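>>> everything below, folded, please.
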Amino acid sequence: MVSPSDCVIRRTGAAVGAGARRPSYPHPTGSRSAYSARVRRFPVIVGPTAGGKSALALDLAARFGNAEIVSADSMQVFRRMDIGTAKPTPEERVAVPHHLIDIVEPSEPFSVDDWLGRAERVIADVRARGALPIVVGGTLLYAKALLEGLFEGPEPDAALRDALAAMDPHERRAELERVDPAAAARIHFNDVRRTVRAIEVHRLTGTPISALQREWESGRTRPDALLVGLDWPTEAINRRINARVREMVGRGLVAEVRALWEHGVLGAQAREALGYKQLVGAFERGGSEEAIADAVERIKVETRRFAKNQRTWLRRLRTTPGSLWIDAASDPAETWGQRALEALEP
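Reported below is the predicted structural model:
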């Protein structure tokens with residue numbers, strides 16, 4: 001459930017899960033001829049998980065009239081991981097072409113480099129056909145890489161990574177706090193992958209990863225893209241997260257994860273996805289009703305924590321020149337697409 005497509009807000013403010021029918025909007029009269037000749041940029045839609053990004057993308061596609069959606073979600077790339085990653089419904093994928101969904105097996109690794117290369121090719125192809133690519137997703141590293149390029153750190157050192165991963169967790173944490181206090185302040189104690197990478201970068205370069213990332217963040221944003229962000233207050237997004245987890249469980253999330261686990265197809269990366277990780281842990285402990293119920297509660301907690309981390313990324317992205325930010329809690333959801341469409345014009 002990492003970085004999934006998002007819920008829709010009805011006018012009452014209630015969250016509707018990814019499996020529910022999203023509202024459809026008629027194409028504004030003459031929308032294609034009125035806008036396509038004038039629009040020179042493509043939108044990159046970001047926001048917290050469960051915040052309505054996918055609904056906005058679908059609405060914008062309908063209003064523009066000739067658009068295709070490009071997923072920027074690190075877990076929607078995996079086949080058969082459908083409910084927990086909140087993939088668009090088959091009906092939505094027929095109504096609007098979607099790209100970079102279901103492109104690799106859950107046993108395979110998939111990196112930001114893999115996504116960026118594919119995304120650039122898809123965007124170029126869509127634009128060559130005269131359509132509007134709409135990039136949308138909650139994997140904010142993907143969005144930042146598309147807008148500003150990739151952070152060029154040292155090549156991974158497998159032996160060093162293995163040694164760091166085998167360290168006592170408290171000793172590993174102490175080293176991170178000593179060599180890079182700024183990174184330690186934003187990396188959770190239990191986040192082994194990011195902790196190992198931060199220490200690895202320092203050992204290989206002698207420079208804290210936080211300092212290298214600050215240099216990366218000072219780069220310019222590509223001129224042919226418009227960043228569109230959805231702002232949500234913490235309490236509101238937490239309620240939406242809880243509602244969506246309940247909805248996913250009701251749609252069969254437990255059965256979906258169990259089938260993938262029993263067939264042994266979840267690789268190291270895919271099984272870390274929110275929702276999948278917690279339920280796999282429950283199955284490995286016997287899969288009792290109590291263990292599964294506890295896992296569902298953990299999904300809610302960990303997804304809310306993930307949303308908190310997203311807010312840090314979103315604060316950085318907010319400085320992007322010329323970006324559009326929508327107060328999602330106050331502005332009616334049915335107005336978001338029109339605002340984005342108008343902002344795309346020169």
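>>> so who does residue 232 touch?
When contacts are counted by C-beta atoms under 8 Å, 6 or more residues apart in numbering, residue 232 touches 47, 48, 51, 240, 328, 329. Bear in mind the C-beta positions are built from the backbone N, C-alpha and C, glycine included.
>>> got the contact list for stretch 282-300?
Taking C-beta under 8 Å, 6+ apart as the rule, stretch 282-300 contacts 1, 241-242, 245, 249, 254, 257-258, 261, 274-275, 278-279, 281.
>>> for that stretch, what is the average pLDDT?
Stretch 282-300 shows a mean pLDDT of 98.
>>> that stretch: how far from the chain's middle?
24 Å (C-alpha atoms, centre = their mean, to the nearest Å).
>>> for it, list every residue counted as buried.
For stretch 282-300, a neighbour-count test (16 or more other C-beta atoms under 10 Å) marks 282, 283, 287, 291, 292, 295, 296, 298, 299, 300 as buried.
>>> quick one: the nearest residue to residue 281 once chain neighbours are set aside from residue 279, how far?
Using C-beta to C-beta, 6 or more residues apart in numbering and skipping residues adjacent in sequence, the residue nearest residue 281 is residue 295, 6.4 Å away. Distance, residue 295 to residue 279, using C-beta to C-beta, to the nearest Å: 5 Å.
>>> same check, this time on residue 289
13 Å.
>>> next: residue 154.
For residue 154 relative to residue 279 (C-beta to C-beta), the value is 35 Å.
>>> more neighbours, those two?
Counted by other C-beta atoms under 10 Å, residue 154 and residue 279 do not tie: residue 279 has more neighbours, with 27 against 14.
>>> which ones are touching that one?
So residue 279 contacts 253, 254, 257, 258, 261, 292, 295, 299 (C-beta under 8 Å, 6+ apart).
>>> equivalent analysis for residue 317, please.
Applying C-beta under 8 Å, 6+ apart, the residues contacting residue 317 are 46, 140, 143, 144, 147, 227, 229, 323.
>>> from residue 73, how far out is the residue nearest to residue 281?
Noted for residue 295: a distance of 22 Å to residue 73, by C-beta to C-beta.
>>> can you check residue 65 too?
25 Å.
>>> these two: which is more packed in?
With neighbours defined as other C-beta under 10 Å, residue 65 and residue 73 compare such that residue 73 has more, 25 against 17.
>>> need the contacts of residue 232 in TSV with pLDDT, can you?
Below are the contacts of residue 232 laid out as TSV (pLDDT from 0 to 100):
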residue	pLDDT
47	98
48	97
51	97
240	98
328	97
329	96
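>>> return the per-residue confidence for residue 2.
pLDDT recorded at residue 2 is 37.
>>> hey, C-alpha coordinates of stretch 62-72 in CSV?
These are the backbone C-alpha positions of stretch 62-72, laid out as CSV (Å, rounded to 0.1, in the frame of the first residue of the first chain):
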residue,chain,number,x,y,z
ALA,A,62,-11.7,13.9,-18.8
ARG,A,63,-11.6,17.7,-18.9
PHE,A,64,-8.7,17.8,-21.3
GLY,A,65,-10.2,15.2,-23.5
ASN,A,66,-7.0,13.6,-24.9
ALA,A,67,-4.8,12.5,-22.0
GLU,A,68,-3.0,9.5,-20.7
ILE,A,69,-2.0,8.8,-17.1
VAL,A,70,1.5,7.8,-16.1
SER,A,71,1.8,6.2,-12.6
ALA,A,72,4.5,7.4,-10.3
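>>> buried stuff in it?
In stretch 62-72, counting by 16+ other C-beta under 10 Å, buried: 62, 63, 64, 65, 67, 68, 69, 70, 71, 72.
>>> ok, now stretch 244-263?
Within stretch 244-263, the residues scored as buried using 16+ other C-beta under 10 Å are 244-249, 251, 253-254, 256-258, 260-261.
>>> same deal with stretch 301-315?
Taking 16+ other C-beta under 10 Å as the neighbour-count basis, stretch 301-315 is seen to contain the buried residues 302, 303, 304, 306, 307, 310, 313, 314.
>>> now do stretch 265-281
If you call a residue buried by 16+ other C-beta under 10 Å, then stretch 265-281 has these buried ones: 265-267, 269-271, 273-280.
>>> domain ranges for the protein?
As given by automatic domain parsing, the domain ranges for the chain are 8-151+220-344, 158-216.
>>> quick revisit: nearest to residue 169, of the buried residues of stretch 282-300?
When the buried residues of stretch 282-300 are compared for distance to residue 169 (C-beta to C-beta), residue 298 wins out at 19.4 Å.
>>> name the helix or strand for that closest one, please.
Assigned by DSSP states H and E, residue 298 falls within helix 289-317.
>>> where do the helices of the stretch 51-200 of the chain begin and end?
Ranges of helices within the stretch 51-200 of the chain are 53-64, 90-95, 112-128, 140-148, 158-165, 169-179, 181-186, 192-205, based on DSSP state H, counting those that start in this stretch.
>>> most neighbours per residue, which of those helices?
Of these, the one with the most neighbours on average (mean count of other C-beta atoms under 10 Å) is helix 53-64, at a mean of 25.
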